[in-house]
Each structure stands twice: as C-alpha cells, then as structure tokens.
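> The sequence isn't on hand, but the structure is:
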C-alpha cells in the first residue's frame, strides 16, 4: 500500500514543469504534473498513442485542440475540479497555465 497527497511537496517558486508518475503498469499510468506559466512551444502538438483523462486539481490552464478534418481549433479552459478525456491521437497543446499560481494536473493515461 502507498499513500500520498497530490498537494504535497510543491516547490515554490516552481523552477520548471515537474512530472511525477504516481502509478504505472503495462496498461495505464497515473501522473501528477505541476506547471506555473509553462506551455507547449509554439507550433508543437501532442499526438499521443494513449487516451488521456485529465483532472485539474488546482490552478488554471487553457488547452488548444486541432481538428484537422474540420480545419478548426477549439480552446478549452480548465479550472479546479474540471476534467476532460482526450482520445488517443487527438492533437492538442497547452496554450497557457497560470503564471503565478501552481497548476496541479492529475492525468490518467490508458
């Protein structure tokens, strides 16, 4: 058995975006991400082989999704308690995270 707290051990100020695997198996992974002003570099997109379920625990972020068939982009704002399920190979990027408040993400990859 392992216990922990998602809001523990958060450095202040955050020196860089931090990624911590909380649970990892052959079929899924649970990760905590800490951000403070970080975003995906311009022109880069995530195109993952896994589905990703994201819960915003603390802070704020704006995600941008690319819908190539429709030739459109969709912005999604996430705040505390908001979640989103991102299908595998659905291109997306982090446009913005709060610059002065630590954003705590809980991500489940499956």
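On my side now, so go ahead. Since the model is a prediction, treat every value here as computed from it, not as a measurement.

> Ignoring the adjacent residues along the chain, who's closest to residue 33?
residue 105 (4.0 Å; CB to CB, 6 or more residues apart in numbering). C-beta coordinates here come from the backbone N, C-alpha and C atoms, glycine included.

> Please determine how far that neighbour is located from residue 48.
From residue 105 over to residue 48 the distance is 14 Å, taken as CB to CB, to the nearest Å.

> quick one, which of those two is more surrounded?
More neighbours surround residue 105 than the other of residue 105 and residue 48, with 22 against 14 (other CB atoms under 10 Å).

> Can you spell out which residues form a bridge with the more buried one?
residue 33, residue 56 (DSSP bridges).

> can I assume it is in contact with residue 56?
Yes: at 6.4 Å, residue 105 counts as touching residue 56 under the criterion of CB atoms under 8 Å.

> Do a quick rundown of the strands in the chain.
Taking DSSP state E to define them, one finds strands in the chain at 18-24, 29-35, 52-58, 61-67, 72-78, 83-86, 92-97, 103-109.

> so which of those strands gets nearest residue 12?
strand 29-35 (10.3 Å; CB to CB).

> Which strands or helices does that closest one pack on?
Applying 3 or more CB pairs under 8 Å, 6 or more residues apart in numbering; DSSP states H and E, one finds that strand 29-35 contacts strand 18-24, strand 103-109.

> for these, which one ends up most surrounded?
The highest mean neighbour count among those, using mean count of other CB atoms under 10 Å, belongs to strand 103-109: a mean of 20.

> neighbours around residue 60, how many?
Residue 60: 16 surrounding residues under other CB under 10 Å.

> Quickly note the distance from the nearest residue to it once chain neighbours are set aside to residue 67.
Nearest non-adjacent residue to residue 60, counting by CB to CB, 6+ apart: residue 98, 4.7 Å away. Separation of residue 98 from residue 67 (CB to CB) stands at 26 Å.

> higher neighbour count, these two?
Neighbour tally, residue 98 and residue 67, criterion other CB under 10 Å: the higher count belongs to residue 98, 16 against 11.

> returning to what we had before: and of the helices and strands packed on strand 29-35, who's closest to residue 92?
Taking CB to CB, strand 103-109 is the member of the helices and strands packed on strand 29-35 nearest to residue 92, at 12.2 Å.
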